[in-house]
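Colleague: What follows is a predicted structure for the sequence shown.
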Amino acid sequence: MFLEFKREVERVLRDALQTASLNCTDLDLDLEESEHADLSSRVAFSLARMCDKPPAIIAADIVRHIAIPAEDTFIADAGAVGPYINFSVNDSFVHTTLEWIRGGLKQPGQKKGKIIIEHTSANPDGPLHIGHLRNAVIGDVLVRVLKRAGYEVETHYYVNDMGRQIALVVWGAERMAYDETKKADHAVAKVYIAANRLVEQNAEFVTEVEELMRKYEAGDETVIQKYNAAVKKCLSGIQASLERLQIQHDVIVWESEFVRGGAVEAVIEELKQKGDIKRDGSALVLQLEGIEKALVIQRTDGTSLYTTRDLAYHRWKAGKGDRVIDVFGKDHELVSQQLVKALELLDVRVPEFVIFEFVSLPTGSLSTRAGRYIAADELMDKIEERAYQEVAKKRDDLDERKKREIARKVGIGALRYDMVKVSPDKHILFNFDEALDIEKKGAPFIQYAHARACSILHLAVKRGYAVSAYKAHAVTGQSPAEDYNATLLAQRSERELITKLSKLSAIIDEASSELKPHLIAKYARELAESFNLFYKDCPVLNADEELRKARLVLVECARIVLSAVLDMLGIEAPSEM
RNA sequence: GGGCCCGUGGCUUAGCUCGGAUAAAGCACCGGCCCUCUAAGCCGGUGAUCGCGGGUUCAAAUCCCGCCGGGUCCGCCA
């Protein structure tokens, strides 16, 4: 709803400039949200230069020419403060905002098309570690945000089921048994790590592994089956972890299909015709425009490479959606640029990339191969346990099952929030103690605000107050319109909460168009803060009847929006904590 | 060596795309608030040469140039 207010301010301001004979084509109105007003314009600064007059004089002049419509408006008033022109919202804005929320947060506008987004795509050589976790959470939050923004979204997990690391797992599994006491992906990692050590120490083993790779590409059925078994074993473990994190993929894409189906060969043939290809021995090297480093698209032994297979995958998926998004680690940045250039040669829609910086440990960067990582499973176990201790301390009135459930929601939520709250291009140095410190977390703060809102609504129903809207919502998911006077919501903390609520769709727009999931995390925190201020300032259940009605509507709206933002963050919203 | 990213109170960050009103939060530290709907909360306080140096501008955390520190990548791994 805030966007509607903003659009109206733009219109009114433009009209004022026109009547004041100050209008310039394409003049930026410089509208910004600030602590001083709901919306303020700095347009007087840019006009000052052109008119050679002080900005404050110009601002005052513009304000004199502002005509706020008599009805059907969201603007309460406009005034100049020095060089700034400040606008504030009116009661109609408050009422419309609340009704929009109660009506189910319908995003205006039409369907926006289909997006194919690939994220996580961890190699099936071990469990997800905290680096993959960042990828997965950033990707999953984007998926949820894009869906809210009105896109149809299809998520892909691109499985590298034929790389050298799988060959190593297969080779290792023939020499040692999987540890069946371990979760599948952890058992695979154990074999993978051990295999790496052996191969590093013995050159003979290297040729054995290479032999496996050759047989695989040649289509040796026995070898292929061994590969598949290893990959599926590992993937089952990874998927169990993802499920625990509330993350789902719509499609699992097998890299090998592009080799077997001939798509990789087709790509190579086409690049030979359209690209600047050189031979280096029997290997094929593609020189790309604007990129210093050439791209090898075929090995000396004729087998395919990851990047070529990725090209085939991207060509295939470009046809499935209107936008293609890849969530990649920073180490893939050069690859992503090469991908774009090569896809342009092939005349294929290029993907958009969300590149995130690395998560490292105090002991150095993460490496599955070296066994230097912290598994997501381990982290989840520990943080849930820590959350349980907190719940037990605070709520010994609850039964065991309930305490465990809250601990799970709080623990996993805290973990996800931590991963997404920081801008993707910030490097993260992982600290176990900090990661587990539930009291310092952002997610429980937001969940707590939601639980408080639920608590008020629950008690209201219990006391028989007229909160049919809440009851109806719980049963049918729809709120009936109800008599309440939004004008009564005039306290500062009430107004601030409502303004914050009204900005939901603006935040969704920004986060989805700029692919910045951390904006949702920030908004969620601010919203919870606004709600807490309201909670402290404004008694709901003990207020006079009319005020109570209005405040109950506000609480209900806050609950709906808090629940929506938590959902976008993939964090469950407990009704009590 | 070259490309890309990061450098904001003791710690973790937001703000930088699009320059403007006292640089915004959390944690930590100090002090206060449970006889009103859950104190996982609220209020107040201490604490910042916005890495350094130039430049552009009426105005720079934000734009430009240089430097320093950290990360990452740099043809047959993925």
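Modeller: Yes, it's here.

Colleague: When you work out contacts or count neighbours from here on, use the C-alpha atoms and nothing else.
Modeller: Fine.

Colleague: May I ask which helix or strand of chain A has the lowest mean pLDDT?
Modeller: helix A:468-476 (a mean of 48; mean pLDDT, DSSP states H and E).

Colleague: Following element in sequence after that helix, please.
Modeller: helix A:492-502 (DSSP states H and E).

Colleague: who touches the helix or strand just after that following helix?
Modeller: The helix or strand immediately downstream of helix A:492-502 is helix A:504-513, counting by DSSP H and E. Outside helix A:504-513, the residues that touch it by CA atoms under 8 Å, 6 or more residues apart in numbering are A:1-3, A:107, A:142, A:145-146, A:148-149, A:516-520, A:523, A:561.

Colleague: ok, now stretch A:224-234?
Modeller: By CA under 8 Å, 6+ apart, stretch A:224-234 touches A:124-127, A:161-162, A:166-167, A:169-170, A:184-186, A:188, A:216.

Colleague: let's see 10 Å
Modeller: For stretch A:224-234, the surrounding residues in contact (CA atoms under 10 Å, 6 or more residues apart in numbering) are A:123-127, A:159-163, A:166-171, A:173-174, A:183-189, A:212-213, A:215-218, A:221-223, A:235, A:238.

Colleague: that older thread, weed out the non-buried ones from the contacts of helix A:504-513.
Modeller: Buried subset of the contacts of helix A:504-513 (neighbour count, 16 or more other CA atoms under 10 Å): A:1-2, A:142, A:145-146, A:148-149, A:516-520, A:523, A:561.

Colleague: Return only those of those found close to RNA strand B.
Modeller: A:L519 (CA under 7 Å from any atom of the strand).

Colleague: tell me the least confident of the buried ones among the contacts of helix A:504-513?
Modeller: Ranked by pLDDT, those bottom out at A:M1, which has 88.

Colleague: That one reaches A:S92, doesn't it?
Modeller: No: contact criterion CA atoms under 10 Å: A:M1 and A:S92 do not qualify, at 11.1 Å.

Colleague: what touches both of those two?
Modeller: Going by CA under 10 Å, 6+ apart, residues that sit against A:M1 and also against A:S92 are A:74, A:98.

Colleague: how far away is the closest residue to A:L242 other than its chain neighbours from RNA strand B?
Modeller: Among residues not flanking A:L242 along the chain, A:Q248 sits closest, at 6.8 Å (CA to CA, 6 or more residues apart in numbering). According to CA to the nearest atom of the strand, to the nearest Å, A:Q248 stands 21 Å off from RNA strand B.

Colleague: How is A:Q248 assigned, secondary-structure-wise?
Modeller: Secondary structure, DSSP: H, G, I helix; E, B strand; the rest coil: A:Q248 is coil.

Colleague: That one contacts A:D140, correct?
Modeller: Yes: here A:Q248 reaches A:D140: they are 8.0 Å apart, a contact under CA under 10 Å.

Colleague: Settle it for me: which of the two has more neighbours?
Modeller: A:D140 (29 against 15; other CA atoms under 10 Å).

Colleague: Can you tell me which residues in the stretch 51-200 of chain A are near RNA strand B?
Modeller: Counting by CA under 7 Å from any atom of the strand, the residues of the stretch 51-200 of chain A near RNA strand B are A:81-82, A:84-86, A:123, A:160, A:163-165.

Colleague: one more time with 6 Å
Modeller: A:81, A:84, A:86, A:123, A:160, A:163-164 (CA under 6 Å from any atom of the strand).

Colleague: Let's have these in TSV, adding distance to A:K403, neighbour count and secondary structure.
Modeller: Shown next, in TSV, are those (distance: CA to CA, whole Å; neighbours: other CA atoms under 10 Å; DSSP: H, G, I helix; E, B strand; the rest coil):
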residue	distance to A:K403	neighbour count	secondary structure
A:V81	53	13	strand
A:Y84	52	23	strand
A:N86	49	24	strand
A:N123	35	22	coil
A:N160	40	22	coil
A:G163	44	20	coil
A:R164	45	14	helix
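
Colleague: which two from these end up farthest apart in space?
Modeller: Greatest spatial distance in these: A:V81 and A:R164, 66.2 Å, computed using CA to CA.

Colleague: For the stretch 451-577 of chain A, which residues score under the pLDDT cut-off?
Modeller: A:466-482 (pLDDT under 70).

Colleague: give me the residue from it nearest RNA strand B.
Modeller: Nearest residue of the stretch 451-577 of chain A to RNA strand B, counting by CA to the nearest atom of the strand: A:E576, 2.6 Å away.

Colleague: Can you select the buried ones among the contacts of stretch A:224-234 for me in PyMOL?
Modeller: Selection of buried members from these for PyMOL, criterion 16+ other CA under 10 Å:
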select buried, chain A and resi 123+124+125+126+127+159+160+161+162+163+166+167+168+169+170+171+173+183+184+185+186+187+188+189+212+213+216+217+223+235+238
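
Colleague: In helices, which of the contacts of stretch A:224-234 fall?
Modeller: A:166-171, A:173, A:184-189, A:212-213, A:215-218, A:221-223, A:235, A:238 (DSSP state H).

Colleague: Any figure for the gap between the residue nearest to A:G113 when sequence neighbours are not counted and RNA strand B?
Modeller: Once flanking residues are discounted, A:G113 sits nearest to A:Y151: 5.5 Å by CA to CA, 6+ apart. To RNA strand B, A:Y151 is 21 Å away according to CA to the nearest atom of the strand.

Colleague: Can you give the domain ranges for chain A?
Modeller: A:2-89, A:120-365, A:377-568 (automatic domain parsing).

Colleague: which ones are touching the residue nearest the centre of chain A?
Modeller: By CA atoms, centre = their mean, chain A has its centre lying nearest to A:V141, at 2.5 Å. Residues near A:V141 by CA under 10 Å, 6+ apart: A:147, A:247, A:416-417, A:420, A:512, A:515-518, A:520-521, A:567-571.

Colleague: Pick out the residue in the stretch 151-300 of chain A sitting closest to RNA strand B.
Modeller: Taking CA to the nearest atom of the strand, the stretch 151-300 of chain A has A:R299 as its residue nearest RNA strand B, at 3.3 Å.

Colleague: how deep is that residue tucked in, by neighbour count?
Modeller: Count around A:R299 with other CA under 10 Å applied: 15.

Colleague: Pop out the phi and psi values for it.
Modeller: phi -70, psi 160 (degrees, to the nearest 10).

Colleague: Cross-check the contact I'm expecting between it and A:A283.
Modeller: Yes: with contacts defined as CA under 10 Å, A:R299 counts as touching A:A283 at a distance of 4.9 Å.

Colleague: Just the buried residues of stretch A:275-286, please?
Modeller: Buried residues in stretch A:275-286 (16+ other CA under 10 Å): A:275, A:277, A:284-286.
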